[in-house]
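In: Following is a predicted model, sequence given first.
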Amino acid sequence: MCFAFSDYVHHSKLVLMMTIVLEDLEKICSRSLAWESLCDCRILITGATGMISSYLTMALLYYRKTHINCNFELSILVRSKEKAKGLFSPYLDCDWFHICVGDVCSWTTNETFDFIIHGASPADPKTFGVNPAGTFLPNVIGTWSLLELAKKSNAKRFVFLSSGESHGQLLNSQYLIDEHTFGILDPMAVRSCYGEGKRAGETLCAIWNRQYGIPASVIRISHTYGPTMDIKHDSRVFAEFVSCIVKREDISLKSDGSAIRPFCYLSDAVDGILRVLLAPNPELCYLMAGKEYLSILELAHMLCRLFPERQLHVLNRVRSQNDPYLEANKQPRCKIDISKLQALGWMPEVTVEQGFVRTVRAIEENMES
């Protein structure tokens with residue numbers, strides 16, 4: 001039995017959640033995916049209070065609660081139980097939802113899982129400089145530990161949420177980046193803790209797939225944004241721009257704004273992750289990116305234009321030479337090959353303008369609640 005969104009939201013604790021988030025979850029859960037593959041299974045998601053993993057967790061929780069014939073148990077591994085309780089409060093009384101607290105590098109369990117999604121990793125560039133070990137190790141030691149858990153569990157699927165940063169710094173202009181396109185990552189540069197960590201995690205997935213038959217897939221996710229961004233602490237440029245809009249402050253550029261990025265809205269990203277998770281014969285590696293490419297300067301002006309009543313402007317500021325962690329990569333003008341993910345039926349649907357309006361409105365709605 002399945003409930004319509006308009007009926008269900010008014011008769012459930014889900015009413016506590018943000019309207020825009022609920023609309024996103026309904027859209028994700030209405031997809032024609034192989035949801036039946038999850039029935040009677042046990043799922044583990046790590047890093048479930050992070051931007052992407054939290055939305056994935058919400059989508060699975062929403063699907064489980066609104067589709068009573070699809071029984072599965074969902075466990076999440078987080079570092080802060082209080083934060084998890086705040087994010088997933090409508091589901092705390094569900095006996096099929098479990099919050100586990102621990103560091104993915106040292107956490108152990110006697111439980112087994114059919115599906116494991118590993119998304120525990122800092123992604124904030126400032127963290128790369130302040131806590132490079134805490135950035136590198138979850139992607140390496142954490143990935144190894146979870147792959148061992150997948151082996152012990154005889155898991156049906158293991159998905160590692162990687163990053164476009166694993167491609168490194170591309171020196172020559174290329175028209176299309178695919179899963180075999182790689183550039184320079186200086187292992188002696190502290191900022192490489194993120195990209196090198198993701199590369200090592202990907203290699204572990206490939207090794208465990210080849211040597212132990214673990215059905216592992218890697219998804220390299222590029223420049224994803226949405227309602228669960230932590231605009232107080234996330235120093236990525238699009239998060240800082242959204243923070244300016246929310247606080248009604250002019251946007252101050254930290255570069256010339258010429259770097260071009262493909263932006264993907266969070267509900268589209270979760271849709272893509274679920275397609276890989278539920279695919280009958282998944283590839284080892286997928287690239288995920290939005291279909292719209294904007295320069296940082298274009299993004300700043302677009303955000304100001306989308307909220308004209310706030311009368312905000314884009315200001316230029318000279319970049320500090322002592323600030324190597326923010327927007328350090330200036331890639332040539334090239335595109336990311338998402339054809340493998342498209343072969344699973346995926347296509348980002350939310351436009352950049354729609355996505356950023358939804359993001360700002362959702363964050364403001366949450367602040368007012």
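Out: Yes, it's here.

In: Quick check: C304 is in a helix.
Out: Yes: using DSSP: H, G, I helix; E, B strand; the rest coil, the secondary structure at C304 is a helix.

In: Counting neighbours, what do you get for the nearest residue to I99 once chain neighbours are set aside?
Out: For I99, ignoring the flanking residues on the chain, the nearest one in space by CB to CB, 6 or more residues apart in numbering is A84 at 5.0 Å. Using the backbone N, CA and C atoms, a C-beta is placed for each residue, glycine as well. Neighbourhood size, A84 [other CB atoms under 10 Å]: 21.

In: A84 belongs to a helix?
Out: Yes: counting by three-state DSSP, A84 falls inside a helix.

In: For it, give me its contacts.
Out: A84 makes contact with A48, T49, I76, V78, I99, according to CB atoms under 8 Å, 6 or more residues apart in numbering.

In: again, 10 Å this time
Out: A48, T49, S54, T57, I76, L77, V78, L92, I99, C100, V101 (CB atoms under 10 Å, 6 or more residues apart in numbering).

In: Name the nearest of those relative to L38.
Out: Ranked by distance to L38 (CB to CB), these are led by T57 at 13.4 Å.

In: How many neighbouring residues does the closest one have?
Out: T57: 28 neighbours (other CB under 10 Å).

In: quick one: it and M51 touch, right?
Out: No: T57 is beyond contact range of M51, at 11.3 Å (criterion: CB atoms under 10 Å).

In: shared neighbours of those two, anything?
Out: G119, T228.

In: Pull the contacting residues for the residue lying closest to L274 once chain neighbours are set aside.
Out: Residue nearest to L274 in three dimensions, not counting chain neighbours: L33, with 5.8 Å by CB to CB, 6+ apart. Residues near L33 by CB under 10 Å, 6+ apart: Y63, D271, L274, R275, L277, L278, A279, L344, G345.

In: In helices, which of those appear?
Out: Y63, D271, L274, R275, L277, L278 (DSSP state H).

In: quick one: which of those is nearest to I260?
Out: Nearest to I260 among the ones in helices among the contacts of L33, counting by CB to CB, is D271 at 23.8 Å.

In: count of neighbours near the closest one?
Out: 27.

In: quick one, what contacts it?
Out: Taking CB under 10 Å, 6+ apart, one finds 24, 27-29, 31, 33, 56, 59, 265, 288, 341, 344-350 in contact with D271.

In: And it, how far from S89?
Out: Noted for D271: a distance of 24 Å to S89, by CB to CB, to the nearest Å.

In: Phi first, then psi, for I52.
Out: Main-chain dihedrals, I52, degrees, to the nearest 10: phi -80, psi -50.

In: Model confidence score at it, please.
Out: pLDDT for I52: 98.

In: Hmm, L274 and it touching each other?
Out: No: applying CB under 10 Å, one finds I52 not in contact with L274, separated by 11.9 Å.

In: hang on, the earlier thing: model confidence at the residue nearest to I99, what's the number?
Out: 96.

In: Checking R361 next. Helix, strand or coil?
Out: helix.

In: what's the helix or strand for the nearest residue to it once chain neighbours are set aside?
Out: Leaving aside its sequence neighbours, R361 sits nearest to I20 (CB to CB, 6+ apart; 5.8 Å). Using DSSP states H and E, I20 maps to helix 19-29.

In: Given the following helix or strand past that helix, what are its sheet partners and their directions?
Out: Downstream of helix 19-29, the first helix or strand assigned by DSSP H and E is strand 41-46. Using DSSP bridges, the strands paired with strand 41-46 are strand 72-78 (parallel), strand 115-118 (parallel).

In: Check the ones in helices among the contacts of L33 and tell me the two furthest apart.
Out: Y63 and R275 (14.0 Å).

In: Now for the two: what residues contact both?
Out: Taking CB under 10 Å, 6+ apart as the contact rule, the neighbours common to Y63 and R275 are R31, L33.

In: Please narrow the contacts of A84 to those residing in strands.
Out: In strands, judged by DSSP state E, the following of these are found: I76, L77, V78, I99, C100, V101.

In: Look at I52 and L274 and report which has more neighbours.
Out: Taking neighbours as other CB under 10 Å, I52 and L274 compare with L274 leading, 25 against 22.

In: In contact with the more buried one: list those residues for me.
Out: Contacts of L274 (CB under 10 Å, 6+ apart): 28-29, 31, 33-35, 38, 56, 59-60, 63, 117, 159, 344, 346.

In: Buried ones among those residues?
Out: Buried members of the contacts of L274, counted by 16 or more other CB atoms under 10 Å: 28-29, 31, 33, 35, 38, 56, 59-60, 63, 117, 159, 344, 346.

In: which residues in the stretch 151-300 of the chain form strands?
Out: Taking DSSP state E, counting those that start in this stretch to define them, one finds strands in the stretch 151-300 of the chain at 157-163, 176-177, 216-221, 224-225, 251-253, 260-265, 285-288, 292-295.
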